[in-house]
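Sequence isn't available, so here's the structure alone:
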Ligand code: GDP
């Protein structure tokens, strides 16, 4: 039995969905532990591309139970649509379970989200967060304020109506809310249809652990967007860290075996906020184009830049990564050299190596110091075929050197490498400890 946590190590969109789907082949349960319809986990299957927003990436595999966990905020109407669409495409192969404790994200929250972001913009255009406007922040705020409705409430019409009336009473300032009666009726109908899926999930998972089942906890968003430890206020409203995955599932820390950090071989960020290694020039444009860096949920262009080892060390310490999955190495294929940021130089002359200043403003002033590693060849079909056949032995040696450098700098072994969007385009490296990576790098240096 293994409990594995999969979380993002950067600013999101690292391909957590693809990595989770890959690891789900060995799992009985896959649990989404936070966020809601702001997530867009893209998975390329032989049958076509799927973007999962509120369902766990495990639902695409036979024999896997995909749990939308208690730490999530679920939009019941779009959740039902997501299930129906997948079913119509014949791709809903696993079972769906929805936590009765997950909070319901309502159209009220969506309206409020847009209104709040405009309010911030009016006061100070630089203060817009550029949220997905999916209602995530207001739904989590109502959860903390004890005004929220939970998924179980949707199955009890009288309670639903009463709680909805109280919620509306707190939002008299928000313009353009949908009529209460209409919403109550719609939620009651959807709640009735979702009822067979809504149940307590923590006891389900505790029993599964008792029975020796493999469980994967799938985080959404990422460490640097954590509401406390990210680049506040340019963050999401939950805890997309390994600790957050536990709170968001009800699994105790003592049951966790592995914490897997997912990162791209470069960096991207959607929306506003500090991004020290952003490249706004031609090379950034190259990453955007070749990497297809456009938001899976909003379609917005992602800002692009280079791998930031300062932030990765920070994310690693925060999450306690036991291994890393590095994705999209193919995007950098063909570059002469690959820049990686090894430290920041601060305006006061100090150096930052593995902490995130609590003030986002200070991070904006950080000057990244780069090391330029040798690039690796493009990933032609022939290389991909060799990788499928021979495994990690077929990785280009300069790419191995890049991966070893990541391990040397973070102390965390790189265990998986993604070299294409397809389900089979991931290679397992095994765990090379930092000491071995260091020795091999020294041999490289000659
Ligand atoms: P997530 O939210 O962390 O799951 O990430 P997204 O789904 O938003 O973004 C990852 C994108 O990269 C998706 O379009 C994936 O299909 C794609 N992708 C995943 N792994 C790889 C890879 O190794 N190489 C390439 N080129 N694309 C990948």
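Happy to help now that I have it. Bear in mind the structure is a predicted one, so any value in this text is a computation, not a measurement.

Could you list every helix and strand in contact with the strand or helix carrying residue 66?
Residue 66 is part of strand 65-68 when elements are defined by DSSP states H and E. Packing partners of strand 65-68 (3 or more Cβ pairs under 8 Å, 6 or more residues apart in numbering; DSSP states H and E): strand 29-32, strand 95-99, helix 202-210. Glycine gets a C-beta too; all of them are placed from N, C-alpha and C.

What residues of the last one count as buried?
Within helix 202-210, the residues scored as buried using 16 or more other Cβ atoms under 10 Å are 202, 204, 205, 208, 209.

Dump those to a markdown table, plus pLDDT.
Formatted as a markdown table, the buried residues of helix 202-210 follow (pLDDT from 0 to 100):
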| residue | pLDDT |
| --- | --- |
| 202 | 98 |
| 204 | 98 |
| 205 | 98 |
| 208 | 98 |
| 209 | 97 |
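
ok, so of those residues, who is nearest the ligand?
residue 205 (22.1 Å; Cβ to the nearest ligand atom).

so that closest one touches residue 27, yeah?
No - the pair residue 205 / residue 27 is not scored as a contact, 11.8 Å apart, by Cβ atoms under 8 Å.

Now do the shared contacts for those two.
Common contacts of residue 205 and residue 27 (Cβ atoms under 8 Å, 6 or more residues apart in numbering): residue 215.

circling back to that earlier point, may I see the buried residues of the strand holding residue 66?
Across strand 65-68, burial judged by 16+ other Cβ under 10 Å covers 65, 66, 67, 68.

From residue 220, how far out is the last one?
Plainly put, residue 68 is 11 Å away from residue 220 if you go by Cβ to Cβ, to the nearest Å.

Common neighbours of the two, please.
Taking Cβ under 8 Å, 6+ apart as the criterion, residue 68 and residue 220 both touch residue 32.

Counting by contacts, list what the lowest-mean-pLDDT helix or strand in the chain packs against.
Here the helix or strand of the chain ranked lowest by mean pLDDT, DSSP states H and E is helix 434-445, holding a mean of 86. Here helix 434-445 touches helix 397-410, going by 3+ Cβ pairs under 8 Å, 6+ apart.

List the contacts of the helix it packs on.
Residues outside helix 397-410 that contact it (Cβ under 8 Å, 6+ apart) are 265, 307, 309, 312-313, 316, 321, 324, 326, 329, 338, 340, 342, 371, 373-376, 395, 412-414, 417, 429, 432-434, 437-438, 440-441, 444.

Among the residues you listed, name the ones in strands.
307, 324, 326, 338, 340, 342, 371, 373, 374, 414, 417 (DSSP state E).

The first one and residue 444: what is the separation?
Taking Cβ to Cβ as the criterion, residue 307 is separated from residue 444 by 18 Å.

for this protein, which helix is longest?
Longest helix of the chain, by residue count under DSSP state H: helix 107-123.

which residues sit in contact with residue 112?
By Cβ under 8 Å, 6+ apart, residue 112 lies in contact with 135, 138, 171, 174.

ok, the second one - how many residues close by?
In other words, residue 138. Residue 138 sits with 27 neighbouring residues when counted by other Cβ atoms under 10 Å.

so which strand or helix has it?
helix 136-144.

Was I right to think residue 341 contacts residue 308?
Yes - judged on Cβ under 8 Å, residue 341 makes contact with residue 308 at a distance of 4.6 Å.

for the stretch 151-300 of the chain, what spans make up the helices?
Remark: helices assigned in the stretch 151-300 of the chain by DSSP state H, counting those that start in this stretch are 157-169, 180-194, 202-210, 242-247, 282-291.

okay, the angle between the longest one and helix 107-123?
Note on geometry: by axes from the mean of the first three to the mean of the last three Cα atoms, to 10 degrees, helix 180-194 and helix 107-123 are set 120 degrees apart in direction.

Distance from the chain centre to helix 180-194, please.
Distance of helix 180-194 from the chain centroid (Cα atoms, centre = their mean, to the nearest Å) equals 30 Å.

okay, and the common contacts of residue 341 and residue 308?
Counting by Cβ under 8 Å, 6+ apart, the contacts common to residue 341 and residue 308 are 276, 277, 368.

who wins for most neighbours among those residues?
Neighbour counts for these (other Cβ under 10 Å) peak at residue 277, which has 23 neighbours.

residues in contact with that one?
Going by Cβ under 8 Å, 6+ apart, residue 277 touches 267, 305, 306, 307, 308, 341, 368.

Up against the ligand, what does this protein have?
8, 13-18, 39-42, 44, 292, 296, 327-328, 330-331, 418-421, 425 (Cβ under 6 Å from any ligand atom).

quick one: low-confidence ranges for the protein?
The model of the chain has pLDDT under 70 over residues 296-297.

let's go with 50 and repeat that
Flagging of the chain using pLDDT under 50 yields an empty set of residue ranges.

Which segments of it make up each domain?
Segmentation of the chain into domains, based on automatic domain parsing, reads 3-100+198-255, 103-195, 265-438.

deepest of those domains, which one?
With neighbours taken as mean count of other Cβ atoms under 10 Å, these reach their highest mean count in domain 3-100+198-255, at a mean of 22.

For the ligand, give me its nearest residue in the stretch 101-250 of the chain.
Of all residues in the stretch 101-250 of the chain, residue 220 sits closest to the ligand, at 7.1 Å by Cβ to the nearest ligand atom.

In the stretch 51-200 of the chain, which residue sits nearest the ligand?
Using Cβ to the nearest ligand atom, the closest approach of the stretch 51-200 of the chain to the ligand is made by residue 51 at 6.9 Å.
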